[in-house]
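Novice: Okay, predicted coordinates and the sequence, questions at the end:
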Amino acid sequence: MTWQRSLDQYTGDEKIIAWGNRRLLLVESARNSPGKYQELAALENPIAKSKGDCYSHVALGEGYLLIKDGSGQLACYAIGVISPYPTSSHTGQPTARQ
């Protein structure tokens, strides 16, 4: 597979989230799978009517994954377990309940 452009993000468990050519991929890192490309998940056309170019990095945090294409379209996906308690973006620790 040849990517025209891809902008990648590592997860906490060293998986790679790659976004490019109208595909969003989760792949195993080279450290966890040396010498072998291992695609764990793929999503075709994650942004409807995308032109295929992506210029910004994926953003991953607080249980959400955001991607943006070259025309400015944005998609947000809820992933993993989302805590019912707000957390501090500085420390990642739960904040005091109001």
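Specialist: Thanks, I have it.
Novice: per-residue pLDDT, Glu14?
Specialist: You'll see Glu14 listed with a pLDDT of 84.
Novice: Sorry, wrong one. I was asking about Pro46.
Specialist: Turning to Pro46, the model gives it a pLDDT of 88.
Novice: Then the one 4 residues further on?
Specialist: In this model, Ser50 is scored at 79, pLDDT.
Novice: Pro86 now?
Specialist: pLDDT, Pro86: 59.
Novice: next one: Ser89
Specialist: At Ser89, the model reports a pLDDT of 54.
Novice: dump the residue contacts of Tyr77.
Specialist: When contacts are counted by CB atoms under 8 Å, 6 or more residues apart in numbering, Tyr77 touches Pro46, Tyr64, Leu65, Leu66, Ile67. All C-beta atoms are positioned from the backbone trio N, CA, C, and that covers glycine.
Novice: Direction included, what does the host helix or strand of Leu65 pair up with?
Specialist: Element membership for Leu65 (DSSP states H and E) is strand 64-68. When pairing is defined by DSSP bridges, strand 64-68 lines up against strand 59-61 (antiparallel), strand 74-78 (antiparallel).
Novice: returning to what we had before: only the buried subset of the contacts of Tyr77, as a PyMOL command please.
Specialist: Buried members of the contacts of Tyr77, defined by 16 or more other CB atoms under 10 Å, are picked up in PyMOL with:
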select buried, resi 46+65+67
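Novice: Which two among the contacts of Tyr77 are spaced furthest apart?
Specialist: Farthest pair in these (CB to CB) is Pro46 and Tyr64. Separation: 13.4 Å.
Novice: Restricting to C-alpha, output stretch 57-74 in CSV.
Specialist: The C-alpha coordinates for stretch 57-74 follow below in CSV (Å, rounded to 0.1, in the frame of the first residue of the first chain):
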residue,chain,number,x,y,z
HIS,A,57,-3.0,15.2,12.4
VAL,A,58,-5.6,13.0,14.0
ALA,A,59,-6.5,14.1,17.5
LEU,A,60,-7.0,11.4,20.2
GLY,A,61,-8.1,12.1,23.7
GLU,A,62,-10.8,11.8,26.4
GLY,A,63,-12.4,8.9,24.5
TYR,A,64,-12.7,10.7,21.1
LEU,A,65,-10.9,10.5,17.8
LEU,A,66,-11.1,13.6,15.5
ILE,A,67,-10.0,13.7,11.9
LYS,A,68,-10.1,16.5,9.3
ASP,A,69,-9.6,16.4,5.6
GLY,A,70,-8.1,19.1,3.3
SER,A,71,-11.4,20.8,2.6
GLY,A,72,-12.0,21.3,6.3
GLN,A,73,-14.5,18.6,6.9
LEU,A,74,-14.3,17.2,10.4
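Novice: All set now, cheers.
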